[in-house]
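A.B. asks: I'll drop the sequence and a predicted model, then ask my questions.
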Amino acid sequence: MTKTANVEPATLSLAVSNDPVENTAYITDFSNDDPAELRSIYRMMLLTRRFEERTGEMYTKAKIGGYCHLNLGEEATVVGLMSALKPEDYIFTNYREHGYILARGVEPGRIMAELFGKDTGVSRGRGGSMHLFDIERHFMGGYAIVGGQIPLATGVAFALRYHEQPGVVICQMGDGTTNIGAWHESLNMAKLYKLPIIFYVVNNGYGMGLKVENGSAEPELYRKGCAFRMHGERVNGKDPIAVRNAVQRLRLMAQDDGEPAILEAVSYRFRGHSVVDPARYRDEEEVRRGREDDPVLRFAQNLLDAGILTDEIMKTMAEAIEQEVAAAIDFANSSPDPQIEDLFTYMYASPVANMPGPEDALEAARIARGEF
Amino acid sequence: MPERTFLEAIRSALIDEMTTDQRVFVLGQDVGVKGGVFLVTDGLYQQFGACRVIDMPIAEAGIVGAAIGAALHGLRPVAEIQFADYIQPAVDQIINEAAKLRYRSAGDWTCPIVVRAPFGSGIHGALYHSQSTEALFTSTPGLKVVIPATPYDAKGLLIAAIRDPDPVVFFEHKQLYRTMRGEVPDGCYTVPLGTAAVRRTGRQISLFTYGLMLHHSLTAAEQVADEGIDVEVVDLRTLYPLDRETILASVRNTSKALIVHEDNLTGGIGGEISALISEHAFEYLDAPVRRLASPDVPATAFNEALEAHFMLNADKIAHALRELAAY
């Protein structure tokens, strides 16, 4: 006997194409929005753009080393999401997270300092680009293990429920992450226990170099919750307002009704997977078209057309942001490195015998100074 | 003082600590309605309810990951992995996330979780219900690895592990669950993590061991005592970090060392203890440090004779002690 599924929890939001460069539907009616909030969304998008451009520049100047992933092209995806969150919410992200923590309100200087590996960074130089934390703002970190954050985010959602506290957890990830086991395990648990969580999938078309449809048997990623009867939506990730509206709605559903959801934001990254990736797997025409539809410029134009921005406001804003990012770089540049003496600090929360301690740290510092 | 089995001691620790601290909860496969595959959590579901004794899907990474997340938000989860053999899917969460969260967030986050798992051979469980997996975790700074051998310690160490602000992997030898009985006080008490216990004092050989092997070692020590071989038996209790002071003090006193564990020889904790002794007590030694461990086969075979060959016992340990004494 053949059975047909009678559950259809997945819905499409707007006419969002699988192909990010095809998406042309944008919200342009701002009559119900607070103009100040719209300007602040634009400002944060522009700050993210400038911060990431300068970050790339600092990488080529060898001020930043290791692995570094930028949000360029994804500014609407980032800021649209973050503008819908409340202070009590928690956010987990993957390793492409600079914009998210900026939009959460952390000072750009402390973020840039972390990218530089400095002691004044948000993780005191322990983490670098991929591992940004801020406890006060419930920013639960960037995770460099693909999908490592998903069960953890599910656990925080469980704890919110356990404590009967308001708020939701946002678990951000890339498209490729929806193929790992922990994703499926966590969707199952979230739905089973009615947890207040939104799985926010940034679909930028590629898991590193692998096209979404070559990595996922279900390329419409928002449908991947169907097996768990989980609500799913897809939104144009180049439109910050569409993203914000969807998150606001799903947030209430998760918090008040215990209905977790998948929100897929179709986006496009302007550059390779990481700063050093030349992205030869994308053809030039696709990249040209992808960049042509620039979310920052488009949103600016839409706000100009609606009379919410003026050329003068934009100019003032751009100059202030230029200075803000320059100040962040200066701060990072002039900040001290972590002390070698702190090599063993933060290993355990209470004193632990027979683990390296202060004496070992002093010896490490002596060796670092070349004194053997 | 009431007498309890090893299993009842663990259950008693969970009940007392859950009664004392509302943040403590238990999660795992079949820990609730069924009471656990070995019945360690029997009755907890009825006593504390479905919110604090949570039946989880078969998804080890999800179970441990959810525990970590809950711990980040102020809870004290005790996750049960049904058999230590099944901990492998959760290794990513334990080693990559739990062990590193505090360090990489520069102390912003701590991760007070306990992951409990029954381990060990000798019950005809064959390849995937018999493994000793402790060595996977004893090279991971950020974690603590605890293996009790007596009912008293099982309760005291588990409560200490739950109260510890850092992640603890807690292995329970399943052969001890119902065969080992001992005095276990009512109410909460702790046995400090990181400290070994000298279970038998002796002057000629130091024997370092843990878990089920402690009991075989004590029997072996009695066997050879009649022959004039005086063995000191040290129960390590915490495998990571090791109690170096007790280990080195003992071997400096006896001048000979035998390490006994059920885990495989290569890469087992015995190699680490041996290195520790040769680095810090070399000049005290009268014989090479000896290791007695399970053979380096991929897993315990099902066949009874093969399993018996795999497992250590008192006779094998006594034989090794005689050889070392004669050196």
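C.D. replies: That came in fine, so what should we check first?
A.B. asks: Helix or strand for B:Ala66, just tell me which one.
C.D. replies: If you go by DSSP states H and E, B:Ala66 is part of helix B:60-72.
A.B. asks: Quick one: name whatever helix or strand follows that helix.
C.D. replies: strand B:76-80.
A.B. asks: Residue 108: how many residues sit nearby?
C.D. replies: Just going to use chain A. For A:Pro108, the count of nearby residues is 24 (other C-beta atoms under 10 Å in any protein chain shown). Glycine gets a C-beta too; all of them are placed from N, C-alpha and C.
A.B. asks: actually chain B
C.D. replies: As a burial measure, B:Asp108 scores 20 neighbours (other C-beta under 10 Å).
A.B. asks: In the stretch 251-372 of chain A, which residue sits nearest chain B?
C.D. replies: Nearest residue of the stretch 251-372 of chain A to chain B, counting by C-beta to the nearest C-beta: A:Ala349, 3.5 Å away.
A.B. asks: What residues does that residue make contact with?
C.D. replies: Residues in contact with A:Ala349 (C-beta atoms under 8 Å, 6 or more residues apart in numbering or on different chains) are B:102, B:107, B:110, B:112, B:165-166.
A.B. asks: Would you point out which residue of the stretch 201-327 of chain B is nearest chain A?
C.D. replies: For the stretch 201-327 of chain B, C-beta to the nearest C-beta, closest residue to chain A: B:Pro241, 4.1 Å.
A.B. asks: That residue touches B:Lys144, doesn't it?
C.D. replies: Yes. Counting by C-beta atoms under 8 Å, B:Lys144 is a contact partner of B:Pro241 at 7.3 Å.
A.B. asks: Mind listing the shared neighbours of the two?
C.D. replies: A:352, B:194.
A.B. asks: A strand includes the residue of the stretch 251-372 of chain A closest to chain B, no?
C.D. replies: No. Using DSSP: H, G, I helix; E, B strand; the rest coil, the secondary structure at A:Ala349 is coil, not a strand.
A.B. asks: ok now do the nearest residue to A:Ala326 once chain neighbours are set aside, which residues does it touch?
C.D. replies: Once flanking residues are discounted, A:Ala326 sits nearest to A:Arg54: 7.9 Å by C-beta to C-beta, 6 or more residues apart in numbering or on different chains. Counting by C-beta under 8 Å, 6+ apart, A:Arg54 touches A:325-326, A:329.
A.B. asks: Please list the residues of the stretch 1-150 of chain B that sit near chain A.
C.D. replies: B:25, B:51, B:56-57, B:59, B:61-62, B:64-75, B:77, B:89, B:92-93, B:96-97, B:101-110, B:112, B:141-142, B:144 (C-beta under 8 Å from any C-beta of the partner chain).
A.B. asks: Tell me which residues touch A:Gly207, please.
C.D. replies: Counted by C-beta under 8 Å, 6+ apart, A:Gly207 has contacts A:174-177, A:179, A:215.
A.B. asks: likewise B:Val191?
C.D. replies: B:148, B:152-153, B:156-157, B:160, B:237.
A.B. asks: Next one: the residue lying closest to the residue of the stretch 251-372 of chain A closest to chain B once chain neighbours are set aside relative to A:Ser267, how far apart?
C.D. replies: In this structure, A:Ala349 finds its nearest non-sequential neighbour in B:Pro165, 3.5 Å apart by C-beta to C-beta, 6+ apart. According to C-beta to C-beta, to the nearest Å, B:Pro165 stands 39 Å off from A:Ser267.
A.B. asks: same thing with B:Asn253?
C.D. replies: 67 Å.
A.B. asks: Could you check how many residues crowd around residue 115?
C.D. replies: Using chain A here. 28.
A.B. asks: That was the other one, I meant chain B.
C.D. replies: Each residue near B:Val115 was counted by other C-beta under 10 Å, and the total is 29.
A.B. asks: Name the SS class of it, please.
C.D. replies: strand.
A.B. asks: Please read off the pLDDT at it from the model.
C.D. replies: What the model reports as pLDDT for B:Val115 is 98.
A.B. asks: before we move on, what about A:Glu292?
C.D. replies: The model's pLDDT for A:Glu292 equals 89.
A.B. asks: re earlier: can you tell me which of the contacts of A:Gly207 end up in strands?
C.D. replies: Using DSSP state E, A:Gly174 are the members of the contacts of A:Gly207 that sit in strands.
A.B. asks: Turn the contacts of A:Gly207 into JSON lines, including distance to B:Ser274.
C.D. replies: Converted to JSON lines, the contacts of A:Gly207 look like this (distance: C-beta to C-beta, whole Å):
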{"residue": "A:Gly174", "distance to B:Ser274": "45"}
{"residue": "A:Asp175", "distance to B:Ser274": "49"}
{"residue": "A:Gly176", "distance to B:Ser274": "44"}
{"residue": "A:Thr177", "distance to B:Ser274": "42"}
{"residue": "A:Asn179", "distance to B:Ser274": "43"}
{"residue": "A:Gly215", "distance to B:Ser274": "46"}
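A.B. asks: can you list the residues of the stretch 201-327 of chain B near chain A?
C.D. replies: So far as C-beta under 8 Å from any C-beta goes, the stretch 201-327 of chain B lies against chain A at B:241-245.
A.B. asks: can I get these in CSV with secondary structure and neighbour count?
C.D. replies: Shown next, in CSV, are these (DSSP: H, G, I helix; E, B strand; the rest coil; neighbours: other C-beta atoms under 10 Å in any protein chain shown):
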residue, secondary structure, neighbour count
B:Pro241, coil, 19
B:Leu242, coil, 22
B:Asp243, coil, 22
B:Arg244, helix, 16
B:Glu245, helix, 12
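A.B. asks: Which positions in stretch A:271-279 come out as buried?
C.D. replies: A:271-275 (16 or more other C-beta atoms under 10 Å in any protein chain shown).
A.B. asks: Tell me which residues of stretch B:150-166 come out buried.
C.D. replies: Under the neighbour-count criterion of 16+ other C-beta under 10 Å, stretch B:150-166 has B:150-164, B:166 buried.
A.B. asks: out of those residues, who's nearest chain A?
C.D. replies: B:Asp166 (4.9 Å).
A.B. asks: Tell me, how many residues neighbour the nearest residue to the closest one once chain neighbours are set aside?
C.D. replies: Leaving out its chain neighbours, the residue that sits closest to B:Asp166 by C-beta to C-beta, 6+ apart is A:Tyr348, at 4.9 Å. Using other C-beta under 10 Å, A:Tyr348 has 21 other residues around it.
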